[in-house]
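Undergrad: Next input, structure requested:
(one chain, ligands or ions: 1)
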Amino acid sequence: MGLHTASRLDRLAIGGEAKALKAGQLNIGPRLMLGLAVIIFSMLAADAVVLWQFHLVRAQAKRLHGIDQKLIAVLRLHTSLTTFHDQMEDLADSQDIGGLVTEGEGLRTAVLEDSRRAMSAFSLATSDFQRDPTILPILHAVQSALPAQLDAITTLAKAGDWQAVRQRLSNQVTAMQSVTLALVERVDHEVGEEQAQTVRKIERVQRLVFLVVPLTALFTLLIAGTFGLGVTRSITQPLARLVEGSKALARGDFQHTVPVTGRDELAELGRVFNDTARRLQDLYATLRRSEAYLAEAQRLTHTGSWAWNLRTGELYWSQEVHRIYGLDPQIKPSWPWFFDQVHPEDRARVEQQARMESIEKDWVVSEIEFRAVLSDGTVKHVHAISYRVTDDSGETAEVIGTIVDVTQRKRAEAERERLRQLEAGLAHTNRVSMMGEFAASLAHDIKQPIAAAVTDARTSLRWLQRNPPEIEEAREAVSRVVNGVNRAAEIINHLRSLYKKGAPTERELVDVNEVAWEMLTLLRSEANRHSISMHTELAADLPKTKADRVQLQQVFMNLMLNGIEAMKDTGGELTIHSEATEHEQLLISIKDTGVGLPTEQLDKIFSAFFTTKSQGTGMGLSISRTIIESHGGRLWASANAGKGATFRFTLPTS
Ligand code: ADP
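TA: Model prediction:
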């Protein structure tokens, strides 16, 4: 029962404490203080229980002592009464009246003293012991009877009746002796009982002490242990969670949150930790976003970045640099590797620049363009910029820079150059082709001064054939001849300058679709300028034709430019179509959605010098028809069902 109650109490105490600790409601300091107070209190309680048990034992011992005192008092009374009787008897036997009176008085005093002691011992006795109510009256009787007896004995002795003295001694005093003896026996009996009872009580207390002391010790230990465990857990568990969180953070797992309960320091720490982790996560996300934007920007602009820390020797290359060089992102590049990649023809220049950067102390930005030969043999054009970062003392701390892949730009430049040359070539051809048409009109111009020169020469001859010859008239005629011939020579020179580039190229197998694409590329910006979209409907696997490529370009350009000019105010669509016909011919059409053909003068548009434009020459269609016909084809125009016109031409397949 006792054990059961203790364990229940224990459970209750532990439960309450654990609850307070578990919730982490108290700060760690007060929690430890509370626990310490609980331990001290339970130890004090245990001590109090033990002390109480000792007090019980002591009370029993004291009681035993009191009982012994009573027994001793009664024994002493009996002994002094016996002594009184024996000595008085001896004095009676010797009939010593003087001795009897003097000694009798002393003995009486001793007996009375002992009886008083006994009475006071019994009157102080505890109520549970004083079970026999006759004891005190007996003592009282002895005390009051003895003086009377002594007086009577003394009187008898003085009267010389020693017989009566002896008789009184044996009757009265002996009777008193037997009363005190009986009292002694009774007290002894009661003392014996009391002693036995007290021993039993002490034994019980002893047993109780044996039970209570270990129990209270166990109880205290249990409370201390439970408390210690509770406090330790309430500290170690959140600590372990914090450590786990820190490890997750170190791994870069910013999603990890520490579970928080209560309001103690560790809970506060947990909250701060979670808050910090959240902020870090936001920062990390922003960083990742910026990094992604930067990487995307680098990818789009083909710009890689690099940084070289001169103190640590650490070299950083962005992903884009790896991509430009076609390098595995896991591989760490190095300067020797970098110089190895430089094109042999550019290496000396790049190395010289690097030497300058390492020797010169006052450069800030330097840039260089060179070619890099990749491991697969691809050649890339690279534009590198270096920027020197100095520390407070002006020493170079770091060099940072960019590497831009300018290969596409270089290709575009080369392409532009090619197109420019093509344009120049076409312009030249244009002039040459136009010469065919101009020749007729120019012949007239040449014919006229030559005819005039011939007439003047004849006139001069006539003046010279006169007698006397008309020298002055002849000289004037001859100088007119010179002027006329000079004019003709000028016209011829002019013609020669137009042919300067030489004879037309020889005919070759030409892919007409390819020529169409070239012209589309050339005229795209012009079309864009007037909001004109250009479409192709080019037949795949179109047979080639034997033609003068440059002249074909000329035809495409004339027809496409006419289409663009017809739509320049309204915008529209220019469609280039190619197909192979059944009659081993290629049919090419150029269709626009422009102003349409001048219906009244439809038959004149292919004539030289016919134009409806203020800045027109009227030569384009005429030249184009001449070229196409010289290639064995045909060129014609028709009005569209809707808006605009379509120009078609045929060419024989090779
Ligand atoms: P130019 O373009 O210098 O006028 P062309 O010989 O190329 O000389 O053209 C002659 C004329 O034919 C043009 O002035 C124009 O009236 C007409 N023409 C040519 N192409 C078109 C077209 N696509 N749409 C409408 N009219 C055209």
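Undergrad: Just the element for the residue of the stretch 201-350 of the chain at minimum distance from the ligand, please.
TA: Of all residues in the stretch 201-350 of the chain, residue 300 sits closest to the ligand, at 40.1 Å by Cβ to the nearest ligand atom. All C-beta spots, glycine's among them, are computed from the backbone N, C-alpha and C. Residue 300 is part of helix 265-301, with elements assigned from DSSP states H and E.
Undergrad: Pull out the buried positions in the helix or strand following that helix.
TA: Helices and strands here follow DSSP H and E; after helix 265-301, the next one along the chain is strand 303-309. Within strand 303-309, the residues scored as buried using 16 or more other Cβ atoms under 10 Å are 303-306, 308.
Undergrad: Same question for stretch 635-642.
TA: Quick answer for stretch 635-642 (16+ other Cβ under 10 Å): 635, 637.
Undergrad: What lies in contact with that stretch?
TA: Stretch 635-642 has contacts (Cβ atoms under 8 Å, 6 or more residues apart in numbering) with 555, 591, 593, 596-597, 599, 602, 605-606, 621, 624-625, 628-629, 645-649.
Undergrad: Using CSV, write out every CA atom in stretch 313-322.
TA: Only the C-alpha atoms of stretch 313-322 are listed here, as CSV (Å, rounded to 0.1, in the frame of the first residue of the first chain):
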residue,chain,number,x,y,z
GLY,A,313,46.4,31.7,-57.8
GLU,A,314,42.8,30.6,-58.1
LEU,A,315,41.4,30.8,-61.6
TYR,A,316,37.6,31.0,-62.2
TRP,A,317,36.0,30.5,-65.6
SER,A,318,32.2,30.8,-66.1
GLN,A,319,30.1,28.1,-67.8
GLU,A,320,30.0,30.1,-71.0
VAL,A,321,33.8,30.1,-71.3
HIS,A,322,33.6,26.3,-71.1
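Undergrad: where's it relative to the chain centroid, distance-wise?
TA: The chain centre lies 23 Å from the centre of stretch 313-322; the measure is Cα atoms, centre = their mean, to the nearest Å.
Undergrad: buried sites along that stretch?
TA: Those buried within stretch 313-322 under the rule 16+ other Cβ under 10 Å are 317-322.
Undergrad: and it, average pLDDT?
TA: Regarding stretch 313-322, the rounded mean pLDDT is 89.
Undergrad: what packs against the helix or strand where residue 247 lies?
TA: Per DSSP H and E, residue 247 falls inside helix 174-251. Counting contacts by 3 or more Cβ pairs under 8 Å, 6 or more residues apart in numbering; DSSP states H and E, helix 174-251 is packed against helix 2-22, helix 28-94, helix 135-158, helix 265-301.
Undergrad: need those in TSV with mean pLDDT and mean neighbour count, can you?
TA: Putting the helices and strands packed on helix 174-251 into TSV (pLDDT from 0 to 100; neighbours: other Cβ atoms under 10 Å) gives the following:
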stretch	mean pLDDT	mean neighbour count
helix 2-22	43	13
helix 28-94	81	16
helix 135-158	82	17
helix 265-301	86	14
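Undergrad: These: which one's closest to residue 209?
TA: Minimum separation from residue 209 across those (Cβ to Cβ) falls at helix 28-94, 4.6 Å.
Undergrad: what's the following helix or strand after that closest one?
TA: Using DSSP H and E, the helix or strand that directly follows helix 28-94 along the chain is helix 97-124.
Undergrad: now the angle from that following helix to helix 28-94?
TA: 160 degrees (axes from the mean of the first three to the mean of the last three Cα atoms, to 10 degrees).
Undergrad: Check which residues of helix 97-124 are buried.
TA: Applying a neighbour-count criterion of 16+ other Cβ under 10 Å, one finds 97, 100, 103-104, 107-108, 110-112, 114-115, 117-119, 121-122 buried in helix 97-124.
Undergrad: May I have the residues that are in contact with the nearest residue to residue 473 once chain neighbours are set aside?
TA: Of all residues not flanking residue 473 in the chain, residue 463 sits nearest, at 4.2 Å (Cβ to Cβ, 6 or more residues apart in numbering). By Cβ under 8 Å, 6+ apart, the contact list for residue 463 reads 469-471, 473-474, 477.
Undergrad: max-length strand in the chain?
TA: strand 379-390 (DSSP state E).
Undergrad: hmm, who's touching that one?
TA: So strand 379-390 is contacted by 324-325, 343, 357, 363-374, 396-407, 409-410 (Cβ under 8 Å, 6+ apart).
Undergrad: name the helices or strands packed onto the helix holding residue 300?
TA: helix 174-251, strand 303-309, helix 319-324.
Undergrad: and the angle for that helix with strand 303-309?
TA: Interaxial angle, helix 265-301 versus strand 303-309 (the same axes, to 10 degrees): 130 degrees.
Undergrad: ok, which residues in this protein are in contact with the ligand?
TA: Within reach of the ligand by Cβ under 6 Å from any ligand atom, the chain has these residues: 558, 562-563, 566, 592, 594-598, 605, 610-613, 616-622, 645.
Undergrad: Narrow these to just the buried residues.
TA: By 16+ other Cβ under 10 Å, those give 558, 562-563, 566, 592, 594-595, 597, 605, 610-611, 618-622, 645 as buried.
Undergrad: Those in strands, which ones?
TA: Among these, DSSP E puts residue 645 in strands.
Undergrad: In helices only, show me the buried ones among the residues of the chain next to the ligand.
TA: In this view, those that belong to helices under DSSP state H are 558, 562-563, 566, 620-622.
Undergrad: Strands along the stretch 301-450 of the chain, start to end?
TA: Secondary structure of the stretch 301-450 of the chain (DSSP state E, counting those that start in this stretch): strands located at 303-309, 315-317, 365-373, 379-390, 396-405.
Undergrad: Can you give me the buried ones in the helix or strand where residue 651 lies?
TA: Using DSSP H and E, residue 651 sits within strand 645-652. For strand 645-652, a neighbour-count test (16+ other Cβ under 10 Å) marks 645-651 as buried.
Undergrad: Just checking: what are the partner strands of it?
TA: strand 585-591 (antiparallel), strand 635-639 (antiparallel) (DSSP bridges).
Undergrad: quick revisit: using a markdown table, lay out the buried residues of stretch 313-322 together with distance to residue 269.
TA: Listed next are the buried residues of stretch 313-322 as a markdown table, based on distance: Cβ to Cβ, whole Å:
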| residue | distance to residue 269 |
| --- | --- |
| 317 | 41 |
| 318 | 39 |
| 319 | 39 |
| 320 | 42 |
| 321 | 43 |
| 322 | 42 |
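Undergrad: just these now: which is nearest residue 458?
TA: Nearest to residue 458 among the buried residues of stretch 313-322, with distances taken as Cβ to Cβ, is residue 320, at 84.7 Å.
Undergrad: Residue 306 is in contact with the closest one, correct?
TA: No. Using Cβ atoms under 8 Å, residue 320 is not in contact with residue 306, being 9.8 Å away.
Undergrad: what residues do those two have in common as contacts?
TA: What both residue 320 and residue 306 touch, as defined by Cβ under 8 Å, 6+ apart, is the set residue 403.
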